[in-house]
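> Got a sequence here, can you model it:
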Amino acid sequence: MNFLKPKFWDKNKISFFSVLLFPIALIIKFLILFKRFFIKSNQCSIPVICVGNIYLGGTGKTPLSIEIYSILKSLNMNPAFIRKQYASYQDEFELEKQIGPIYQNKKRIEAIKKAIQNNVDIAILDDGFQDFSINKNLSIVCFNEKQWIGNGLTIPSGPLREDLSSLKRANCVLINGKKNIDIENKIYSKNREIKIYYAKYKPTNISEFKNKEVIAFAGIGNPINFFNLLKKNNIHVTEEKKFPDHYNYSEKDLKNLINKSNVKNSILLTTEKDYFRINKNYRKNISFLKIVVEIQNRDQFIEEIKKII
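Reported below is the predicted structural model:
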């Protein structure tokens, strides 16, 4: 889905455009309810961990999925990533392929069946909280503390795929950011039994860019978070360039960026997800920021995983 997120999605108040689009939002909400109650849920022969979201894009599902993969390997499990196959983008597929086995299909349940045939003993759904065809053993919903739920409305009036009441189906919430009691109270109002964890998404190679001028570009759900992370770590960003989420960079785009970096004598820096969408012939001219997840109360989080294996 290549789109630039509308600014009114993250406003605290309801905008004219949100009201204008509200009838469409109601139709989408009805379709989701229809799917939930009329699509058959399949019970898999292996445990399924779902890492999902309700805020559309930029919540950190993929880094968390990779961290869970690492945890499962340390527990002597044989996990695999499961993804829905999209024709338009493959960035997360390419990223996770560097980490471990990955199976994708237009129907996630078929990807899981294929994984089971290859002796996978636990599945990690990167996305899929809204896929009602699969029974999940552990559902984790990711949020970014800064964006939270935006204006609180469902798409296209706001950034939510479902409203907050959908957390009744979740076991855990993971918030990227600082502890926020107001957010916690809103989550608990929908699900008193849910477990809330916090995490920091930390760059591991930031020292490579210290005291250097950088042109930063990103085509992700919330590129502003990437730019702010660079500034927070005292990286001298001379220019910021936003592209739509899951953007497929053309040769023209890449040549223009490389030309700018040469003129300004600056490093071209992007996210890891963006890097894997870039034509391999141009990657030597571009650097990416490597991100890892540091989960607070990690031992407790691991215990949640152990309950289902």
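> Report how many residues lie close to Ile99.
14 (other CB atoms under 10 Å). Quick note: C-beta positions are derived from backbone N, CA and C, even for glycine.
> which residues touch the closest residue to it other than its chain neighbours?
Excluding the flanking residues, the one nearest Ile99 by CB to CB, 6 or more residues apart in numbering is Ile66, at 5.4 Å. In this structure, Ile66 makes contact with Leu95, Glu96, Ile99, Val293, judged by CB atoms under 8 Å, 6 or more residues apart in numbering.
> ok, the nearest residue to Glu145 once chain neighbours are set aside to Ser70 distance?
Leaving aside its sequence neighbours, Glu145 sits nearest to Gly177 (CB to CB, 6+ apart; 2.5 Å). Distance of Gly177 to Ser70, given as CB to CB, to the nearest Å: 22 Å.
> Neighbour count: those two, which is higher?
Gly177 (18 against 14).
> picking up where we left off before, the residue nearest to Ile99 in helix, strand or coil?
helix (DSSP: H, G, I helix; E, B strand; the rest coil).
> when you give positions from now on, start the count at 29
Right, with 29 as the first residue, what we last looked at is Ile94.
> pLDDT score for it?
At Ile94, the pLDDT value in this model is 96.
> Which parts of the protein are helices?
With DSSP state H as the criterion, the chain has helices at 44-66, 89-102, 119-125, 136-145, 209-216, 251-260, 279-292, 300-303, 326-334.
> Would you mind giving those as JSON lines with distance to Val242 added?
Below are the helices of the chain laid out as JSON lines (distance: least, CB to CB, whole Å):
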{"stretch": "helix 44-66", "distance to Val242": "34"}
{"stretch": "helix 89-102", "distance to Val242": "21"}
{"stretch": "helix 119-125", "distance to Val242": "21"}
{"stretch": "helix 136-145", "distance to Val242": "37"}
{"stretch": "helix 209-216", "distance to Val242": "32"}
{"stretch": "helix 251-260", "distance to Val242": "7"}
{"stretch": "helix 279-292", "distance to Val242": "9"}
{"stretch": "helix 300-303", "distance to Val242": "14"}
{"stretch": "helix 326-334", "distance to Val242": "31"}
